[in-house]
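Asker: just coords:
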Ligand code: CDP
């Protein structure tokens, strides 16, 4: 028996992960953050490159996708139950801190554009649902590619500047105009890379509900999704 699926897609720093976690908590579902697996594969690839004396983009260019995925398996990259959902583990340890570094954020879009890496991530996400787990999954292509039959699809957006401001606050840093401008441009570059790639580009599913959170507060956006989910899952 397959579990229920709520897909939350959207651009960088649109609040997908925090929203997905809160929605999952309210409904008793598990939260799956697909981006954490792409970030985990990026950590593994850069470490594998480092072992061979290569850094950054040079490391990624020198390794075949098969070598990267073999290293991911060998180092035990996986999602494991953690609080209200699943978190990425590497070599038996929670990998959260390593996943969020500036270096990983700068290289993750290149890794996420590799088709076999996407298949590897997608098969892990689908296996959870096949096992009967009810999930809230967040990412870029969840409603379009990974779970096209999801019970509910949400596409979260917010202006680039709002998203940049949230990302800076999330890091506990002060928002000065120059920093805000640099962060807005970095987010826009990643959105461009994610939206224009050949495989599974970031775009809303035709049947997704669009939710612009620029002027919504966090509780309102979570409640909006929870209310819609309750209507759908009460019918089943
Ligand atoms: O936290 P943030 O929204 O900035 O990013 P994330 O959800 O952690 O995803 C990091 C990167 O992984 C994105 O910029 C995409 O390149 C890639 N990704 C993807 O291609 N497809 C997904 N379903 C999730 C993430």
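Answerer: Here it is on my side, so go on. Computed from a predicted model, the values in this text were never measured in an experiment.

Asker: quick check: residues of the chain near the ligand?
Answerer: 12-13, 16-17, 34-35, 38-39, 108-109, 112, 139-142, 190, 194 (C-beta under 6 Å from any ligand atom). (Glycine included, C-beta is placed from N, CA and C.)

Asker: strands of this protein, start to end?
Answerer: Remark: strands assigned in the chain by DSSP state E are 5-9, 30-33, 78-82, 85-90, 93-94, 135-139, 152-157, 209-212.

Asker: include mean neighbour count when you put those strands into CSV, please.
Answerer: Output for the strands of the chain, formatted as CSV (neighbours: other C-beta atoms under 10 Å):
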stretch, mean neighbour count
strand 5-9, 27
strand 30-33, 24
strand 78-82, 15
strand 85-90, 21
strand 93-94, 12
strand 135-139, 29
strand 152-157, 23
strand 209-212, 16
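
Asker: mind putting these in CSV, mean pLDDT included?
Answerer: Listed next are the strands of the chain as CSV, based on pLDDT from 0 to 100:
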stretch, mean pLDDT
strand 5-9, 98
strand 30-33, 95
strand 78-82, 91
strand 85-90, 92
strand 93-94, 94
strand 135-139, 97
strand 152-157, 97
strand 209-212, 96
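
Asker: tell me which of these lies nearest to residue 127.
Answerer: strand 78-82 (9.7 Å; C-beta to C-beta).

Asker: tell me where this protein has helices.
Answerer: For the chain, the helices defined by DSSP state H occupy 16-27, 34-51, 56-62, 65-74, 96-99, 102-112, 115-130, 160-170, 177-196, 218-235.

Asker: show me where this structure dips below the pLDDT cut-off.
Answerer: For the chain, the stretches with pLDDT under 70 are 1, 235-236.
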